[in-house]
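1. From the sequence below, what's the structure:
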Amino acid sequence: MRKKIDVSVVIPCYNSTDTIERALDSVLYQTLLPLEVILVDDFGQDNLSVLFDDIKSKYTNFFDLRLIIAEVNGGAGSARNIGWNNAIGKYIAFLDSDDSWLPEKLETQLQYFLHDSELTLLGSNHYVEAEDGKQLEENLIKTNSDYVEIESFSQLIKNRFATSTVILKRDIAFRFKDQKRYSEDFLLWNQIVLSKLKSIVINKHTCIYHKPMYGASGLSSHMLKMINGEFATYKILYQEKYYSYLNLNCLLIFSYLKYLRRLVKAKFR
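-> As a prediction, this is how the structure comes out:
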């Protein structure tokens, strides 16, 4: 029997019955198993609860699998908060229901926490599955070092933490902003980094995103909402006094230029 580690996995679900077993299988195949996996159904229409008993029987001998049904549809961030607040593990690992992990993901990442008591937030590079099925490297850091410590400027101009690669300490004071549906993860990672809690991205690929990060079918129509969510994130961070009004305006301009660049890339992909 593989060793269990002090990690709770939180998976937000919304009409995810087509992909949830792939995500859960990637947890099952970990070299070290988590204590528990918490599925949070964000008030979807596919009735995950009806299928849950059949799904649970496949994993019950390996980790505790729980399902929580949200009372309202609050978005992925709110669903993650529900799982986080009900978790028992010392560390929380996030996995979206349409992504999957590579087998050594949890074992690799846990070693960094065991060797550094100050470490709070950890992410990694990952793969993105293209429309032709090829897995392309997505390198959020480019370095010859084992990892990079992420500081304020680096995180503000580019999100270095892909959510399905993230593991963090459960007992920190921060949470995703409830009801925020775009850029909610970018906001949380910035709050942690700007509060000077140690945050690193390791130079390893631990996860597969089975869709492009932006510009894919089903996402290109959301790019305007995504950029507006990023604008809102920068404004919230300003209101929380993480930086000056001048910084805010520079970040908004930079963000808009990124949006234009993404539109061009999506058009010619």
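2. Below-threshold pLDDT in the protein: ranges please.
-> For the chain, the stretches flagged by pLDDT under 70 are 1, 212-221, 266-269.
3. Which residue would you name as the spatial centre of it?
-> Closest residue to the average C-alpha location of the chain: T163 at 1.3 Å, with Cα atoms, centre = their mean.
4. Quickly note the distance from the nearest residue to it once chain neighbours are set aside to S124.
-> Among residues not flanking T163 along the chain, D185 sits closest, at 4.7 Å (Cβ to Cβ, 6 or more residues apart in numbering). Quick note: C-beta positions are derived from backbone N, CA and C, even for glycine. Taking Cβ to Cβ, to the nearest Å as the measure, D185 falls 15 Å from S124.
5. next one: K196
-> 21 Å.
6. hmm, back to that, might one say that the residue nearest to the centre of the chain is in contact with A93?
-> No - using Cβ atoms under 8 Å, T163 and A93 do not qualify as a contacting pair, with a distance of 10.3 Å.
7. intersection of neighbour lists for these two?
-> By Cβ atoms under 8 Å, 6 or more residues apart in numbering, T163 and A93 have no common neighbours.
8. hey, where'd the strands end up in the stretch 1-150 of the chain?
-> Along the stretch 1-150 of the chain, counting by DSSP state E, counting those that start in this stretch, strands occupy 4-13, 33-41, 64-69, 91-94, 99-101, 119-129, 135-138, 147-149.
9. Can you lay out the ones you listed as TSV showing distance to I253?
-> Formatted as TSV, the entries for these read as follows, by distance: least, Cβ to Cβ, whole Å:
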stretch	distance to I253
strand 4-13	32
strand 33-41	36
strand 64-69	41
strand 91-94	30
strand 99-101	32
strand 119-129	26
strand 135-138	25
strand 147-149	26
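10. Rebuild those as TSV, extending it with distance to Y245 and mean neighbour count.
-> What follows is the strands of the stretch 1-150 of the chain, written out as TSV (distance: least, Cβ to Cβ, whole Å; neighbours: other Cβ atoms under 10 Å):
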stretch	distance to Y245	mean neighbour count
strand 4-13	34	23
strand 33-41	37	24
strand 64-69	40	17
strand 91-94	32	24
strand 99-101	37	23
strand 119-129	27	22
strand 135-138	33	13
strand 147-149	28	15
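11. pretty sure I172 contacts K198?
-> No - in this structure, I172 sits apart from K198 without contact. The criterion is Cβ under 8 Å, and the distance is 11.3 Å.
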